[in-house]
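**Student:** Let me see the structure of the following:
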Amino acid sequence: MSTTNEVRDFLMTRRAKVTPAMVGLPDVGSRRVPGLRRGEVAILAGVSVEYYTKLERGDLRGVSDEVLEAIASALRLDEAERAHLFDLARTANASTRARRKPGGPAGVRPSLLHLVESITTGAAVLGNLRGDIVATNELGRALYDPVYRSQPERPGYPRFIFLDPASRDFYPDWDTIADSSVASLRTVAGRNPFDKSITDLVGELSTRSEEFRTRWARHDVRLHIEGLKRMRHPVVGLVELEYNVLGLPADEGLGLTVYTATPGSESADKLALLASWWASEQPSRADAEPVSGN
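**Tutor:** Here you go, the predicted model:
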């Protein structure tokens with residue numbers, strides 16, 4: 001992915017979302033594209049039109065944090081979009097040595113696996129930057145059984161969502177899930193622009209899925225931290241789960257997501273039923289893949 005193109009397309013798509021009325025400017029003259037003109041963004045950010053034009057063309061070399069903050073304010077960027085802009089600027093100013101810096105270790109610490117397995121009342125899923133499921137506890141494995149059935153070798157959310165029609169049954173709110181998946185992937189791609197595994201995944205999905213291509217072209221970004229997710233599991237039916245994503249400072253590139261149901265709710269009862277179902281399945285799966293890790 002070209003950093004220059006990423007910067008240009010990101011700033012242009014953000015500019016198109018802001019109308020003059022939203023920022024207190026008069027709407028005069030015809031506009032070839034929706035949203036603010038470059039000159040209007042420059043005025044709001046307190047920079048020259050020439051300088052903002054240079055930035056929007058993809059050249060963020062040497063840009064200061066103050067200017068980035070001013071542009072973020074002018075374009076009304078949310079927290080995720082602002083962070084993405086700063087990530088793009090860091091990439092543009094990275095040295096050759098920094099660009100070649102290898103990624104983190106591929107293995108998972110045994111103590112981290114023990115932590116995942118120790119969670120018993122929620123579904124715990126350890127994932128990496130590209131959306132692969134790296135490890136789960138028993139309930140997490142049961143919850144995402146459809147994903148494992150779809151991709152036995154390397155289960156992952158993006159491929160399941162965009163390449164397997166079964167995902168539309170599993171996720172009742174498929175469009176919202178698809179939007180969030182692409183926005184999250186765009187966010188991690190901005191932070192890790194030289195990660196070949198992410199670039200390869202984006203290339204594969206762009207080639208094989210029009211739904212993915214359309215969403216990727218929007219340049220939307222998202223901080224995947226917490227929320228509510230509905231899933232229609234083939235065994236227990238519809239469940240509504242809260243999820244929280246926990247950062248792991250000692251394990252770069254990994255995140256732990258824990259899904260829980262409101263105590264006493266129907267979904268809590270279904271999670272308990274799901275755990276019982278999975279326990280009953282274990283004798284027939286004794287020779288299958290281990291629950292923790294793939």
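**Student:** Show me what whichever strand in the chain runs longest is packed up against.
**Tutor:** If you go by DSSP state E, the chain has its longest strand at strand 237-247. Contact analysis of strand 237-247 by 3 or more Cβ pairs under 8 Å, 6 or more residues apart in numbering; DSSP states H and E lists strand 226-233, strand 254-260, helix 266-281 as its packing neighbours. No exception for glycine: its C-beta is placed from N, CA and C like everyone else's.
**Student:** between these, which one is nearest to residue 132?
**Tutor:** Taking Cβ to Cβ, strand 254-260 is the member of the helices and strands packed on strand 237-247 nearest to residue 132, at 10.1 Å.
**Student:** ok, and what's touching the closest one?
**Tutor:** 108, 112, 115-116, 119, 121-128, 134, 140, 143, 224, 229, 241-248 (Cβ atoms under 8 Å, 6 or more residues apart in numbering).
**Student:** Just the buried residues of those residues.
**Tutor:** Neighbour counting by 16 or more other Cβ atoms under 10 Å classes 108, 112, 115-116, 119, 122-128, 134, 140, 143, 224, 229, 241, 243, 245 among those as buried.
**Student:** helices and strands around the helix or strand harbouring residue 69, which ones?
**Tutor:** Secondary structure from DSSP states H and E places residue 69 in helix 65-74. If you count contacts as 3+ Cβ pairs under 8 Å, 6+ apart, helix 65-74 packs onto helix 38-45, helix 49-56, helix 79-92.
**Student:** Quick one: mean pLDDT over the second one.
**Tutor:** So the one you mean is helix 49-56. Here helix 49-56 scores 94 as its mean pLDDT.
**Student:** now it, how far from the centre of its chain.
**Tutor:** Remark: helix 49-56 is offset 29 Å from the chain centroid, using Cα atoms, centre = their mean, to the nearest Å.
**Student:** Remind me what that helix packs against, helices and strands.
**Tutor:** helix 3-16, helix 38-45, helix 65-74.
**Student:** Of all those helices, which one comes closest to residue 163?
**Tutor:** Nearest to residue 163 among the helices and strands packed on helix 49-56 is helix 3-16; the distance by Cβ to Cβ comes to 24.1 Å.
**Student:** Name the surrounding residues that touch the closest one.
**Tutor:** 33-36, 38, 41, 55-60, 71, 75, 77, 81, 84-85, 88, 91-92, 190, 193, 217-219.
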